[in-house]
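[1] Requesting a structural model of the entry that follows:
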Amino acid sequence: MPSYLRSRDKMSAPQDQALPRALNEEAVPRFGQGMKFRHDKVRDAWVILGPERLFQPDPVAAEILKLVDGQKTIGAIIDELVSRFAAPREVIAADVVTMFVDMSAKGAIRL
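    This is a model prediction of the structure:
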């Protein structure tokens, strides 16, 4: 299993974390106004560029953000990650939810 799914750092949540009220698996995440998700060749890393801001997501968040297209629901993103990696759905869902909540609070993602 890729190490990004095993990571339980600050971007990860407890497995029993419930979805916040405003967030459910039917929500469709989008990048915030003026935000661009790109691979930065100089840093050799994925970044979110915004007006006078730069976010460098960790490998867990980058894998999740690669699936944000403005059409997929959070549930579809979770299911896609479950099909790619050998980790329980609950673990992947916790990482996805935590990342979206964190990036939404920073204005990088709209839910």
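[2] which residues of the chain fall in strands?
    For the chain, the strands defined by DSSP state E cover 30-31, 36-40, 45-50, 53-55, 109-110.
[3] With mean neighbour count as added columns, please give these in TSV.
    All C-beta atoms are positioned from the backbone trio N, CA, C, and that covers glycine. Compiled in TSV, these are given as follows (neighbours: other CB atoms under 10 Å):
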stretch	mean neighbour count
strand 30-31	17
strand 36-40	12
strand 45-50	18
strand 53-55	13
strand 109-110	19
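[4] Using a markdown table, please lay out those strands together with mean pLDDT.
    Putting these into a markdown table (pLDDT from 0 to 100) gives the following:
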| stretch | mean pLDDT |
| --- | --- |
| strand 30-31 | 97 |
| strand 36-40 | 96 |
| strand 45-50 | 96 |
| strand 53-55 | 94 |
| strand 109-110 | 94 |
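[5] biggest helix in this structure by residues?
    Counting residues, the longest helix found in the chain (DSSP state H) is helix 89-105.
[6] And it, what's buried?
    Across helix 89-105, burial judged by 16 or more other CB atoms under 10 Å covers 91-104.
[7] quick one: which of those residues is nearest residue 42?
    Distance to residue 42 across those (CB to CB) is lowest for residue 103, with 22.3 Å.
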